[in-house]
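>>> Just to be clear, the model below is a prediction. Sequence and coordinates:
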Amino acid sequence: GRLVESGGGLVQPGGALRLSCAASGFTVSSYVMSWYRQAPGKEREVVADITGAGGTTTYADAMKGRITISRDDAKNTVYLQMNSLKPEDTAVYYCNAFGYTNYRRNDYWGQGPQVTVPS
């Protein structure tokens, strides 16, 4: 399996970005899909995830109310819409897929686009 992310970049405070994570080699609707971020000098943290069959979403408190994770099964792609961005949201954002295919556990990571919100 493979994850290819796009949509990172530089955005002014208060602005918005949408990150995309296109999957191949497996079906996103069968996996738990998550977005993580890692800021300089900090540990990687999960910001949102969406379950496979039910599509239940959860969000980290730090970004709750400002982000939306969604999934397009026809495109086998997961998105992270981020609004009202703040300088503290500056980080590398990673897409992750966790699940099982043919009873084999898989854990895939995207390359991590940079999101920069200047202060």
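That came in fine, so what should we check first? Numbering: from 1, shown residues only.
>>> okay, the residue nearest to the spatial centre of the chain: pLDDT?
Centroid-nearest residue in the chain, with C-alpha atoms, centre = their mean: residue 35, separated by 2.7 Å. On the pLDDT scale, residue 35 is placed at 98.
>>> Please apply the same query to the one 3 residues further on.
At residue 38, the model reports a pLDDT of 97.
>>> what pairs with residue 37 across the strands?
For residue 37, the beta-bridge partners under DSSP bridges are residue 45, residue 93.
>>> who's in contact with it?
Contact analysis of residue 37 by C-beta atoms under 8 Å, 6 or more residues apart in numbering lists 44-45, 47, 89, 91-94, 115. In short, each C-beta sits where N, CA and C put it, glycine included.
>>> Is it possible to mark the buried ones in the residues you listed?
47, 89, 91-94, 115 (16 or more other C-beta atoms under 10 Å).
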